[in-house]
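Asker: Here you go, sequence then predicted model.
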Amino acid sequence: MGKYGTIAVIYGSDSSECEVSCRSGEFVASRIDGNEYDVYEIYARFGKWSLVACRKRNSMRVTFPEGAQPQVDKTDFSVTLLGQKVRFDFAYIMQHGSPGENGRLQGYLEMLGIPFSTCSSYVSTVAFDKFACKAMVRGQGVVKCAPDAYVREGMDLEAFCSKVESTLRFPVFVKPTQGGSSFGVTRVTEASGLMEAVKFAFSEGPTVLVEQGISGRELTCAAYLDAGSVRTLPPIEIVSENEYFDYDAKYNGHSRELCPAPIDGADSALLADTTAAIYSLLGCKGVVRMDYILAPDGLYFLEINTIPGMTSASLVPRMVRTAGLDMTSFLSTVIENS
């Protein structure tokens, strides 16, 4: 018997990643052990939290039509269903972007004392901001980080672009410091395209990171907690048909994900050890995926995904399958070790 009985899977988001989040959340909800837990699916967007489906132990999934979906009582994180108040023991957060990935949802649950599947509010906040996360990781000397530059909306863009031209080599990647799924990201090959790319990135948030491009192999590795130990999953090499691993490559089949990555034993060990070290350094919880570039001069850290995609075609489920693990058992491990 597990520690929890009633699991709320929260998906949807206030960001451009809402659709992907729903697909991830529905997949996770469908794979949580129905013999062990009652599973409730909550669609949360712009402050409205609705119960869209539930699955009681050893029962079929029941959906609620739009307009008749019970609303979550945020004062105690509960829902009233058929006249009975149901309080959730545990939250499995599958919100990509705000508020589930930037620490806000975690802060709410922490105030109520409700355990959840992801990193703490503090760690989520730091990891969600690419510039802040790189600054923390860079200072520990466990992995290389590409040179970069940071700008906030309202700063002098001409002066910033001039600084980038003089300090970084092209191509560069211009990206919002917060967010995922490559929304707002542009690969810029020459200085004339920099200003437009920065303005485009501002469409996703008020702060932007310009990062020097590193030539090499794109790799990703995930880690999770099991019985107090950090464990890693088989790494993946991403081979994009596009200029880089953009939204189209990620979700429209224009890339190949090779799992396990065809790298030698030393590089594989380096990837696993680095991922575990960063996981422990930041104090992560749950499933966390980290992205890298393996260049001729070493391994470069790109970013952390504290709530990685969990559709049937996503990277972490592929890693789980390659490791020979059962997805339902894996999710139980995440839940019981959070």
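Answerer: Right, received. Where do you want to start?

Asker: what comes up buried for stretch 115-127?
Answerer: Going by neighbour count (16 or more other Cβ atoms under 10 Å), the buried part of stretch 115-127 is 116, 117, 118, 119, 120, 121, 123, 124, 125, 126, 127. For glycine as for every other residue, the C-beta is placed from the backbone atoms N, C-alpha and C.

Asker: what does stretch 261-277 give?
Answerer: 261, 263, 268, 270, 271, 272, 274, 275, 276, 277.

Asker: Out of the buried residues of stretch 115-127, flag the one nearest to residue 223.
Answerer: residue 119 (11.5 Å; Cβ to Cβ).

Asker: Could you report the separation of the closest one from residue 87?
Answerer: 24 Å (Cβ to Cβ, to the nearest Å).

Asker: Check residue 118 too.
Answerer: Applying Cβ to Cβ to residue 118 and residue 87 gives a distance of 20 Å.

Asker: about what we covered before: now the buried residues of stretch 261-277 in CSV, please, with extra columns for secondary structure, pLDDT and distance to residue 237.
Answerer: Converted to CSV, the buried residues of stretch 261-277 look like this (DSSP: H, G, I helix; E, B strand; the rest coil; pLDDT from 0 to 100; distance: Cβ to Cβ, whole Å):
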residue, secondary structure, pLDDT, distance to residue 237
261, coil, 96, 4
263, coil, 96, 7
268, helix, 97, 11
270, helix, 97, 14
271, helix, 97, 10
272, helix, 98, 14
274, helix, 98, 15
275, helix, 98, 14
276, helix, 98, 19
277, helix, 97, 21
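
Asker: For the protein, which element, helix or strand, carries the lowest mean pLDDT?
Answerer: Every helix and strand in the chain was compared by mean pLDDT, DSSP states H and E; the lowest is helix 247-251, with a mean of 49.

Asker: Tell me the first helix or strand C-terminal of it.
Answerer: strand 255-258 (DSSP states H and E).

Asker: What strands line up against that next one, and which way round?
Answerer: The sheet places strand 255-258 alongside strand 236-240 (antiparallel), with pairing taken from DSSP bridges.

Asker: What lies in contact with the partner strand?
Answerer: Strand 236-240 has contacts (Cβ atoms under 8 Å, 6 or more residues apart in numbering) with 217-221, 245-246, 249, 254-263, 315, 318-319.

Asker: From the residues you listed, list the buried ones, please.
Answerer: 217-221, 245-246, 249, 255, 257, 259, 261, 263, 315, 318-319.

Asker: Residue 165: which of these is nearest?
Answerer: Nearest member of those to residue 165, counting by Cβ to Cβ, is residue 246, at 23.7 Å.

Asker: thinking residue 319 is in contact with residue 234, fair?
Answerer: Yes: judged on Cβ atoms under 8 Å, residue 319 makes contact with residue 234 at a distance of 5.4 Å.

Asker: hey, what's in contact with both of these two?
Answerer: Joint contacts of residue 319 and residue 234 (Cβ under 8 Å, 6+ apart) are residue 259.

Asker: Following the chain onward from the strand or helix carrying residue 221, which element is next?
Answerer: Element membership of residue 221, judged by DSSP H and E, is strand 217-226. Next helix or strand after strand 217-226 toward the C-terminus (DSSP H and E): strand 229-232.
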